[in-house]
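K.L.:
have a look at this prediction, sequence included:
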Amino acid sequence: MSSLKLPAKSGNLLLPKKYEVFDVIAIGLPGNLALLRKNGGTLTLPFVNIDKGANNVECLTFKVENSGTIPKALNDKYPDIVSLKGVETTIGANTVRFDYDGVSMNIAVVMDGINYLYAPYKVKKKTYYLLFRKTDNNGSSRPAR
């Protein structure tokens, strides 16, 4: 996936040192996320071992629930905003935090004690999601200096 050539900088964001690129088809995403926020359930994410490359894609399934960080009154007023937390169904030590603001997602996964981020990266009018180790962050989830 990271064979896709992205510009080194997009707005105030920079590419991380090592990353994989995902293209998300968001059809039905807001409704499904709202159901997960309300009822809990499972969320499956593609995952790539950054060191082994795109040929090592696997799926991680997490049992998720509302994170509780957004008060119910705000959730009712802004139903597209979703904040979930969860644990992997096979290895409970692996965790996920999933935030959606109605437009884009920010996801943090702790897998085998390593922090990974999925962060939006806009190129023209297209949003891609970069998966990278937090330690490889080069400004992709914060403004460049």
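P.N.:
Structure's in. What do you need?

K.L.:
okay, CA-based contacts and neighbour counts for the rest of this
P.N.:
Will do.

K.L.:
what's the helix or strand for the residue lying farthest from the centre of the chain?
P.N.:
Relative to the centre of the chain, the most outlying C-alpha is that of residue 73, 25.0 Å out, by C-alpha atoms, centre = their mean. When elements are assigned from DSSP states H and E, residue 73 belongs to helix 72-77.

K.L.:
dump the residue contacts of the residue farthest from the centre of the chain.
P.N.:
By C-alpha atoms under 8 Å, 6 or more residues apart in numbering, the contact list for residue 73 is empty.

K.L.:
check what pLDDT it gets.
P.N.:
Residue 73 carries a pLDDT value of 90.

K.L.:
same check, this time on residue 84
P.N.:
96.

K.L.:
follow-up on the earlier one: after the helix holding residue 73, which helix or strand is next?
P.N.:
strand 82-88.

K.L.:
who are the packing partners of that following strand?
P.N.:
Helices and strands touching strand 82-88, by 3 or more C-alpha pairs under 8 Å, 6 or more residues apart in numbering; DSSP states H and E, are helix 29-39, strand 57-66, strand 95-100.

K.L.:
how about a cut-off of 10 Å?
P.N.:
Applying 3 or more C-alpha pairs under 10 Å, 6 or more residues apart in numbering; DSSP states H and E, we find strand 82-88 packed against helix 29-39, strand 41-48, strand 57-66, strand 95-100, strand 105-111.

K.L.:
for residue 134, find the nearest of these.
P.N.:
strand 105-111 (8.9 Å; C-alpha to C-alpha).

K.L.:
which helices and strands sit right next to the helix or strand just after that closest one?
P.N.:
Sequence-wise, the next helix or strand downstream of strand 105-111 (DSSP H and E) is strand 114-123. Judged by 3+ C-alpha pairs under 10 Å, 6+ apart, the packing partners of strand 114-123 are strand 9-10, strand 13-14, strand 20-22, strand 95-100, strand 105-111, strand 126-133.
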